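Enquirer: Dropping the sequence and predicted coords here.
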Amino acid sequence: MKDKASSQHLPVAEISRYEPDCAFCNVSVENGFDVIWEGDGLIAFRDRDPACEHHFQIIPRLHIQSVRQLEKSDVKMIKAMVNVGHQLLEQLDVKRSMRKMGFHIPPFNSVGHLHLHVQALPYKNFARRVEYPAAPGFKSFHKGFSWFTEANQTILILQQGRSVGIFPC
């Protein structure tokens, strides 16, 4: 899929499609999701197993497998997802210093559909905290070794034309 997007110069989101067997392609109240926001090709819902008191998922309506498939042309979509996350947390009066947003990197993701975790810290316990490790970058890397990338790290990596992975990038 990534090669196709590069050759056509289209963002991944524009060439992706609906996958009938994907749970997140079928997000709706009717399918048991607690949808809290919808618009602009994105949808937000409460996490079924929240790591924090307030833990949401924001996904694109179109199927994108994971953060690994994203390219520089997808930065606008990621920024839109982050903006929605901030709006939702602002409605709950969550201080910016107590917000965390990011993506799990395959194979450490539970659903094969791009989803931004939006969290109001603190975590419920230590075990939940270690599921979302943010590794700071060093030298020319925006992110260190980790199976989780914060949204701002993802944007910086993509803006430089790099791909997001588990290893420093």
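Expert: That came through fine. Worth saying up front: this structure is predicted, and the values here are computed from it rather than measured.
Enquirer: alpha carbons only for contacts and neighbour counts from here, please
Expert: Will do.
Enquirer: how about the spatially closest residue to residue 113 that is not a sequence neighbour, phi and psi?
Expert: Leaving aside its chain neighbours, residue 113 sits nearest to residue 65 (4.5 Å; criterion: C-alpha to C-alpha, 6 or more residues apart in numbering). The phi/psi pair for residue 65 (degrees, to the nearest 10) reads phi -60, psi -50.
Enquirer: Residue 65 against residue 114, yeah?
Expert: Yes: Residue 65 lies in contact with residue 114 (C-alpha atoms under 8 Å); the separation is 5.7 Å.
Enquirer: so the residue nearest the centre of the chain bridges to which residues?
Expert: Using C-alpha atoms, centre = their mean, the residue of the chain that lies closest to the mean C-alpha position is residue 116, 2.3 Å off. Under DSSP bridges, the beta-bridge partners of residue 116 are residue 58.
Enquirer: burial count for residue 38?
Expert: 15 (other C-alpha atoms under 10 Å).
Enquirer: same thing with the one 3 residues further on?
Expert: Around residue 41 sit 13 other residues, with neighbours defined as other C-alpha under 10 Å.
Enquirer: Now it. Nearest residue, chain neighbours left out?
Expert: Counting by C-alpha to C-alpha, 6+ apart, the nearest residue to residue 41 once its immediate chain neighbours are dropped is residue 61, at 5.3 Å.
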